[in-house]
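Enquirer: Sequence and predicted model, in that order:
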Amino acid sequence: MSMENAQDDGRNRERFALAAAFLLALVLRALYLFQIHGHPLFSALTGDPATYYARALGILSGAIVPDHAFFHSCPFYPYVLAGFAHVTSSMDAVRAAQALVGAVSVILIFKLGKLTLGRSSGIIAAFLAAIYVPFIFFEGELLEISLVLAFLEGTLILLVLARKRSSRWLAALAGVLLGLAALGKPNLLLFAPTGAIWLYMAALSRHGVSGRGTSRRDPRRADQTHTDRTRAGSRRRAAIMGIVFFMATGVTILPATIHNYRSSGDLIPVSSNGGINLFIGNHPGAPGVFRVPPEMRFDLRLASKEVAERSTGRPLSDGEVSDYWAGQAFRFARSYPNAWARQIGRKFVLFWNHFEIPNHYDINFVKRLAPVLRNPIGTFAVLAPLGILGLVLAAARRKRTGLLIAFATTFMVSVMPFFVTARYRLAIVPVLLVGAGFAVTEIISMFRKRSWKPLIAAGILLTLLTTGVNIDVIEFGSAQMHNTLGAILGSQGNFEAAAAEFELALDENPRDLSARYNAGLALIELERLDEAAFHLERAVDAHPRYFEAWNALAHARAGLGEDRAALDALGSVLNANPPAPEPLVAEARGIAEALLRTTASEETGAR
């Protein structure tokens, strides 16, 4: 067989394998959407998806930008949702589009693997991406992460190609894609300088020039002046490529930065939630996951602003609020360096642990509804050890792992100061997939060649990594998901089913104040007022500034004919010091006035 025929056969096998991986990805994603279709959890929006969709509807109604600095971490996603909402109100259409993006990401991951660690690594990485359970799960959420991953994968591919072709245009396009990814996950901005440095160093290496300006060629050649000029030209071109990448990233996020400055007067690159997120990850008792103080449970932007202004005694801009909370986090780190170091260590362990930590829907709960998610191979438990092993083996064989390792390290470092969730660590997975693809190809190669010593060494390392990743260090029950499901059922008027879900949540976690509050609301609707009052009193006893629960308790007490107790509950809102949020004060005032009018009317009738 001629070389040309062999190359054609290789390309044909590559196309066939890639088409199979793409088709597999589509089938699994379609099956997942079919399995969750019609379930209450996916018939209504809660949490971040609800916030993004509400913002999308605001855009369609003419509020193109909010009247404050962008707060949630993804300014661009509501505009994507607005485009869909302009055409259809179906959430399934968004989920289907994101599933298609996920299938395209399978092709992008193949391309990244092929460019860095070889064709075989890319093909295996593509199949692993097709079956990777968290990808399938998050593509079914109305969240930005599937788009962020596609932009990020494109960034890494274009950086490799820019280095290979010495192309400023490809470097610029890579920067644009990184900027778009950062508009979804602002911590990715940390990779802008890292990527620029890598591009500079890699471009110098390609032209045989080191960062110090020395050539790999024989320095004793005749035309030393020409050599020096060549080196200088190579360094200049490499520097320009790095600068172009960095600047393109900055230009892409500039619209968000300009809006933030115009609305708040502060220089906020993407979103103003950085400070409060830093505090959530760095304060006494911080668990390393997303867990907000009870008083900030319902609206993190407004509540964090209110608490900061109350503490400082003056109105604060969005940037000043973020600075306040960042200052609290830094103060904790300075005052308790050992405790802070332990928290960073815990977050490192959580980042590399097999457990998928929820901060919206819990993948482990949704697996009950969608058997397609029960695939044991497409998990972090399998991928992380294989991915790390592959990167180690590739580095040992002097493969081109520099960009992959630079990104993985930078991304991990960007997460550590905040907190760890399944969604927030997902951006490292494409690199791990490529590494896992290389690990599989190397293990197969060692076995075929009967290279027993390297195979045993790789097996020992893989065993150690698998053991470390799969140690159980955290546990999340289903209480949060039962509470969420109950809230959705309640919003649909199914209060009996809602109350049952809240009871399940409280059976598992009696300290869940949100579930107690929600149970109280559902029981009020069912006119089981004694039970409602019991739950609401437990909530306010545990958290005296739970003003929503005080107002609901007043409703329950008034319904029981206990007007004095109802007014006392309202007094906890009306007379709170520091004051309760104005909307809750207005609600309490309205309830009190209605109660007093009813009491006065009854007294008049009695006379």
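Expert: Done, it's in.
Enquirer: Which helix or which strand is home to Val392?
Expert: Val392 is part of helix 380-396, with elements assigned from DSSP states H and E.
Enquirer: Now do that helix: distance to the chain's middle.
Expert: Distance of helix 380-396 from the chain centroid (CA atoms, centre = their mean, to the nearest Å) equals 23 Å.
Enquirer: again, but for stretch 518-535
Expert: In terms of CA atoms, centre = their mean, the gap separating the centre of stretch 518-535 from the centre of its chain is 35 Å.
Enquirer: Can you tell me what sits against that stretch?
Expert: Defining contact as CB atoms under 8 Å, 6 or more residues apart in numbering, one finds that stretch 518-535 is touched by 483, 486-487, 490, 495-496, 498-499, 502-503, 506, 516-517, 536, 539, 549, 552-553, 555-557, 559-560. Backbone N, C-alpha and C define where each C-beta goes, glycine included.
Enquirer: Only the buried residues of that stretch, if you could.
Expert: Neighbour counts over stretch 518-535 (16 or more other CB atoms under 10 Å) mark 518-524, 528-529, 531-535 as buried.
Enquirer: Export these as a markdown table, with columns for pLDDT, secondary structure and distance to Ala20.
Expert: Formatted as a markdown table, the buried residues of stretch 518-535 follow (pLDDT from 0 to 100; DSSP: H, G, I helix; E, B strand; the rest coil; distance: CB to CB, whole Å):
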| residue | pLDDT | secondary structure | distance to Ala20 |
| --- | --- | --- | --- |
| Asn518 | 96 | helix | 46 |
| Ala519 | 97 | helix | 49 |
| Gly520 | 96 | helix | 53 |
| Leu521 | 96 | helix | 50 |
| Ala522 | 97 | helix | 49 |
| Leu523 | 96 | helix | 54 |
| Ile524 | 96 | helix | 55 |
| Arg528 | 95 | coil | 56 |
| Leu529 | 95 | helix | 61 |
| Glu531 | 96 | helix | 56 |
| Ala532 | 96 | helix | 56 |
| Ala533 | 96 | helix | 60 |
| Phe534 | 96 | helix | 58 |
| His535 | 96 | helix | 53 |
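Enquirer: ok, these vs Ser335, which is closest?
Expert: Asn518 (36.7 Å; CB to CB).
Enquirer: and the gap between the residue nearest to Glu442 when sequence neighbours are not counted and Glu496?
Expert: Take Glu442 and drop its neighbours on the chain: the residue closest to it by CB to CB, 6 or more residues apart in numbering is Leu393, 5.1 Å away. Leu393 is 57 Å from Glu496, where distance means CB to CB, to the nearest Å.
Enquirer: do the same with Asn575
Expert: 36 Å.
Enquirer: Alpha carbons of stretch 406-422, in CSV - could you do that?
Expert: Provided in CSV are the C-alpha atoms of stretch 406-422 (Å, rounded to 0.1, in the frame of the first residue of the first chain):
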residue,chain,number,x,y,z
ALA,A,406,-0.6,25.9,31.8
PHE,A,407,-4.3,26.2,31.4
ALA,A,408,-5.2,23.5,33.9
THR,A,409,-2.9,25.0,36.6
THR,A,410,-4.1,28.6,36.0
PHE,A,411,-7.7,27.6,36.0
MET,A,412,-7.4,25.6,39.3
VAL,A,413,-5.6,28.6,40.9
SER,A,414,-8.4,30.9,39.7
VAL,A,415,-11.0,28.7,41.5
MET,A,416,-9.2,28.2,44.8
PRO,A,417,-9.8,31.6,46.3
PHE,A,418,-13.6,31.2,45.9
PHE,A,419,-15.5,27.9,46.3
VAL,A,420,-15.8,24.6,44.5
THR,A,421,-18.9,23.3,42.7
ALA,A,422,-19.4,20.8,39.9
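Enquirer: Distance from the chain centre to the helix ranked longest in the chain, please.
Expert: In the chain, taking DSSP state H as the definition, the longest helix is helix 224-264. The chain centroid and the centroid of helix 224-264 are separated by 28 Å under CA atoms, centre = their mean.
Enquirer: From start to finish, how long is stretch 577-584 in a straight line?
Expert: 14 Å (CA to CA, to the nearest Å).
Enquirer: For the residue nearest to Glu309 when sequence neighbours are not counted, list the residues it contacts.
Expert: Of all residues not flanking Glu309 in the chain, Leu316 sits nearest, at 5.2 Å (CB to CB, 6+ apart). By CB under 8 Å, 6+ apart, the contact list for Leu316 reads Lys305, Ala308, Glu309, Tyr324.
Enquirer: export those residues to TSV and tack on pLDDT?
Expert: Formatted as TSV, the contacts of Leu316 follow (pLDDT from 0 to 100):
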residue	pLDDT
Lys305	91
Ala308	92
Glu309	90
Tyr324	96
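Enquirer: Which residues does stretch 321-335 contact?
Expert: Stretch 321-335 is contacted from outside by 266, 268, 272-276, 278-279, 281-284, 304-305, 308-309, 311-312, 316, 339-340, 417, using CB under 8 Å, 6+ apart.
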